[in-house]
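Peer 1: Following is a predicted model, sequence given first.
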Amino acid sequence: MSSRPGVGQKPRFTPYEPSFTAPCPCGSGKKFNECCRSRLPGSGKIDKLWRVAAGEGRWPAALLLIRADIAQYVIWHRRHTVANIRAPGMPLDMYLVDIEALSAHLANLTQALFNTGRLAQAPAVLERLRPVIADPRWVKKIAYHRAMVALVQDDRGKAKDELKALGPITAASTDVELLQIHVDLNGEDLGLTERHALYGRIVEISTSRADKIQYRGAAAFDLLLLGDELAGLAGFEALVADARAMEAVKPLSPRAEEWFCYGLETLAVLSQTPALFDELVVRLESLLATDNWTSAGRARLNRALGDAYRFGRQYAKGIEAYGFSFAEQPTQIVRVFKAECLLRLDQVTEALELIRDVDASTMSEAEAADHAFTYFYIALAAKDRTALVEAETRLRAVPTPHPYFQAQRLQHIVSVHDALAALSAQREPAKVGPFLSALKAVSRYIQLQPNFNGLGINFNNMIDDTVERAERRASERKTQLL
């Protein structure tokens, strides 16, 4: 007769406890007795105490508590799950529950290492934790977290290598996080059909409403870039309707609300509906009024608010919002947007002075492209020969991989030559007005990055649907063990 528990039987328990001199289950590399032994939280406290310390800015203390959470969970895994892995009648895939819950703790750990200036330790810690769950899905989670660390360290090549070692990642995958980071790292190299299959899979299997909103928007945005404005508009109309339906059932999390705002922004721009711009401003200001955000989060939201005002033709308010964003986090791209607002207010001299002062060397490729485009608009409006030559140099140097923006960039270079020829002949160059009037939601290369085609990694933001998802999994596990 089998000794394994069946349906209705209490799961088996293995009295496992690491020896004092064994490596600590948290992956620190220290001995258990010198690391987490005295801090094990016990049942009911996992993933709770560290948030208090983190919320008070005591990240070194939070790091110790997170390590203790990881050690406790590894011990629980070995005591319960390993003992019952082949038990018939178990209602859950207990390894998968443990994989997802422990992965959430690793995200907390990486966040704490980042905030204590110790992120360089993360790859070694993750490698030590690779053997703690004997399942290939856990190996993929470790690769995911190592790739995330590489991304935060601004090493996309290393991040890609971490994923490449896993082999092909397809829409058949059941790991939402792995699908997300694959799309972020490799999406531009994929064909439209494959990319949309990945978007659809994320929407299908993710329990995060933020994910569903984000990747529905990604698919709609792709259609706009292909020049199918009607299909793109329909996609964003459906996205906004779905988000409103979600909100009617339960208020959106701050992160889901933020993604909703990006979709609402694009729909407002495409439809040019004043009421949508008004709603967008109210939603963003409501988000900013909460205490859920760090300085980086407030900078991002103020930038979004500036965009809402800029696209809604309230340029003075846009300048003010961009100023708040820059004060929180001095990124150069918001100065580019401020320069455009000055241009649209006919303050051409001030706009030219500002755009020339922008340091493009710190920008991403997408931001540098947006800077070059704006430089051209301002130089043309100023009728400034030197500025036009500078604009052409930037337009020629900046990469624009997507055909939509490549065609626009080449047309701007031709327009620079036409303007210079007109000035040499003492004729009026082309007016900048038609160029500015043609700008829509997809007219700027930078739109790819902050809106939908990316993970929007923010290690300082503790309010996230992924945490909610992990907590539900941990709760399921705890119920199963009782």
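Peer 2: It's in. Numbers count the residues shown, from 1 in each chain.
Peer 1: Distance check, Leu388 against Arg344.
Peer 2: Applying Cβ to Cβ, to the nearest Å, the value for Leu388 to Arg344 is 19 Å. For every residue, glycine as well, the C-beta is placed using N, CA and C.
Peer 1: what about these two, which has more around it?
Peer 2: Taking other Cβ atoms under 10 Å, Leu388 and Arg344 do not tie; Leu388 has more neighbours (23 against 20).
Peer 1: tell me the contacts of the residue lying closest to that one once chain neighbours are set aside?
Peer 2: Using Cβ to Cβ, 6 or more residues apart in numbering and skipping residues adjacent in sequence, the residue nearest Leu388 is Ala379, 4.6 Å away. Listed by Cβ atoms under 8 Å, 6 or more residues apart in numbering, the contact set of Ala379 reads 352, 387-388, 390-391, 416.
Peer 1: Most neighbours among those residues, which one is it?
Peer 2: Highest count within the contacts of Ala379 by other Cβ under 10 Å belongs to Ala391, 26 neighbours.
Peer 1: where's that one relative to Ala421, distance?
Peer 2: Following Cβ to Cβ, the distance that separates Ala391 from Ala421 is 15 Å.
Peer 1: ok, now Asp291?
Peer 2: 56 Å.
Peer 1: Show me which of the two is the more surrounded one.
Peer 2: Counting neighbours by other Cβ under 10 Å for Asp291 and for Ala421 shows that Ala421 has the greater number, 11 against 5.
Peer 1: coming back round to it: any idea which element the residue nearest to Leu388 lies in?
Peer 2: Element membership for Ala379 (DSSP states H and E) is helix 365-382.
Peer 1: avg pLDDT for that helix?
Peer 2: Mean pLDDT, helix 365-382: 90.
Peer 1: And that helix, what's buried?
Peer 2: Neighbour-count burial for helix 365-382, counted by 16 or more other Cβ atoms under 10 Å, picks out 366-382.
Peer 1: By mean pLDDT, point me to the weakest helix or strand of this structure.
Peer 2: Using mean pLDDT, DSSP states H and E, helix 465-481 stands out as the lowest-scoring helix or strand of the chain, at a mean of 42.
Peer 1: Make a markdown table out of the contacts of Ala379 and add pLDDT, distance to Asp161 and secondary structure.
Peer 2: Listed next are those as a markdown table, based on pLDDT from 0 to 100; distance: Cβ to Cβ, whole Å; DSSP: H, G, I helix; E, B strand; the rest coil:
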| residue | pLDDT | distance to Asp161 | secondary structure |
| --- | --- | --- | --- |
| Leu352 | 97 | 43 | helix |
| Ala387 | 96 | 42 | helix |
| Leu388 | 96 | 42 | helix |
| Glu390 | 96 | 38 | helix |
| Ala391 | 95 | 37 | helix |
| Val416 | 94 | 40 | helix |
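Peer 1: Now render the residues you listed as CSV, adding distance to Glu17.
Peer 2: As requested, the contacts of Ala379 are exported to CSV (distance: Cβ to Cβ, whole Å):
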residue, distance to Glu17
Leu352, 70
Ala387, 71
Leu388, 74
Glu390, 68
Ala391, 68
Val416, 72
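Peer 1: before we move on, the earlier item: how much space between the residue nearest to Leu388 and Lys431?
Peer 2: According to Cβ to Cβ, Ala379 and Lys431 sit 13 Å apart.
Peer 1: now Thr290
Peer 2: Distance from Thr290 to Lys431, by Cβ to Cβ: 44 Å.
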